[in-house]
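**Student:** Fold the following for me, if possible:
(one chain, ligands or ions: 1)
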Amino acid sequence: MSPRSDSDSQEWTQVTRHMRKSVKRQTSLREDIGPTPNPQYTVQDLKIAREKARQIWRGEDVRTCLQGLIRTQMTRHPKKISQAVCLGLGTVEMPGAEVRAQYTVFTQLEAFLDIVATMEETQNQKIKLYFQDPKFSLAEEKHLEDMGHAVLTNPQAFSTINKETFFYAPHLEWQPYLDGIASGPPAVVMGNSLDFITDAWSTEVLDTDKLVGGIEFGRNSKRIAVPNYQYMVDGFIYWNIGGGAVEYNS
Ligand SMILES: C[S@@+](CC[C@H](N)C(=O)[O-])C[C@H]1O[C@@H](n2cnc3c(N)ncnc32)[C@H](O)[C@@H]1O
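**Tutor:** Below is the predicted model of the structure:
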């Protein structure tokens, strides 16, 4: 996949506006996903795995770079962030890929906590954290709750996200990603590049209004590339400098 040029995406947006009525609508509720049966990991296992990933992450230059990037944007384009919602953190219950899954989940968790802490420090106001992933095991939910965070049941996150939300969704599937953006629109989003929506269109049935809304959100936001790291690749931050001017029909 390669990013399209601006003229390509503009042309494409016009096409979607014409097509809007004829496209089959899809519900945002994915019923085909749920926790892996017979999870192996206990809360204690998860604490140990998180600590290992945290030690490595804390020594990485990319961490300092990410914190600096957030501090800079909070200063240049101040945002009031009262809550942070993480969708699609993922599960460590991945038979055959457990170790990589552990580092991915817990590195992405640490990065999320670092971004939130930097925002709190810059705005001098606490931020409430929420998590949602239908694949979480009970132990994964308990582990996050023990840290003092709220775990939402799909699709609760979509009615929780608002204009004061930092919406964090590394590598989340397109439909829930667009649902999350449409729910606010959020103040800040971190996830896949919105330039690729047009590519997703050719392979997935997506809610057309939200698809167009996602493209507009991308255009109304300042886009910042997240430094690549082995457990967090090709991420982008969208800083909504449109001040919530993007409107959605649904
Ligand atoms: C491609 S995986 C990404 C996992 C991890 N963040 C990574 O970068 O490897 C997408 C995740 O999104 C989750 N997901 C799908 N629909 C969701 C929804 N409606 N709400 C929250 N998470 C969802 C899936 O269960 C899965 O764990």
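**Student:** From here on, just use CA atoms for contacts and neighbour counts.
**Tutor:** OK.
**Student:** and the gap between the spatially most central residue of the chain and residue 236?
**Tutor:** What sits nearest the mean C-alpha location of the chain, by CA atoms, centre = their mean, is residue 169, with 1.3 Å. Distance, residue 169 to residue 236, by CA to CA, to the nearest Å: 10 Å.
**Student:** Quickly note the distance from residue 42 to residue 99.
**Tutor:** Going from residue 42 to residue 99 by CA to CA gives 15 Å.
**Student:** all strands for this protein, in order.
**Tutor:** 83-87, 128-132, 150-151, 165-169, 188-191, 222-225, 236-239 (DSSP state E).
**Student:** can you redo those as JSON lines with mean pLDDT and distance to residue 109?
**Tutor:** Formatted as JSON lines, the strands of the chain follow (pLDDT from 0 to 100; distance: least, CA to CA, whole Å):
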{"stretch": "strand 83-87", "mean pLDDT": "98", "distance to residue 109": "9"}
{"stretch": "strand 128-132", "mean pLDDT": "98", "distance to residue 109": "10"}
{"stretch": "strand 150-151", "mean pLDDT": "98", "distance to residue 109": "14"}
{"stretch": "strand 165-169", "mean pLDDT": "98", "distance to residue 109": "10"}
{"stretch": "strand 188-191", "mean pLDDT": "98", "distance to residue 109": "13"}
{"stretch": "strand 222-225", "mean pLDDT": "95", "distance to residue 109": "19"}
{"stretch": "strand 236-239", "mean pLDDT": "97", "distance to residue 109": "16"}
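**Student:** could you dump those strands to CSV with distance to residue 103?
**Tutor:** Putting the strands of the chain into CSV (distance: least, CA to CA, whole Å) gives the following:
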stretch, distance to residue 103
strand 83-87, 17
strand 128-132, 18
strand 150-151, 20
strand 165-169, 16
strand 188-191, 18
strand 222-225, 21
strand 236-239, 20
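**Student:** Same list (these) but as TSV, adding distance to the ligand.
**Tutor:** Below are the strands of the chain laid out as TSV (distance: least, CA to the nearest ligand atom, whole Å):
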stretch	distance to the ligand
strand 83-87	4
strand 128-132	5
strand 150-151	10
strand 165-169	7
strand 188-191	9
strand 222-225	16
strand 236-239	13
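**Student:** among those strands, which is the most enclosed?
**Tutor:** Highest mean neighbour count of the strands of the chain: strand 165-169, a mean of 27 (counted as mean count of other CA atoms under 10 Å).
**Student:** list the helices and strands that strand packs on?
**Tutor:** Identification of packing neighbours for strand 165-169 by 3 or more CA pairs under 8 Å, 6 or more residues apart in numbering; DSSP states H and E yields strand 83-87, helix 174-183, strand 188-191.
**Student:** Which of those sits closest to residue 211?
**Tutor:** Of all those, it is helix 174-183 that lies closest to residue 211, at 6.5 Å by CA to CA.
**Student:** helices and strands around the helix ranked longest in the chain, which ones?
**Tutor:** What stands out as the longest helix in the chain, according to DSSP state H, is helix 98-123. Under the contact criterion of 3+ CA pairs under 8 Å, 6+ apart, helix 98-123 touches helix 43-58, helix 61-76.
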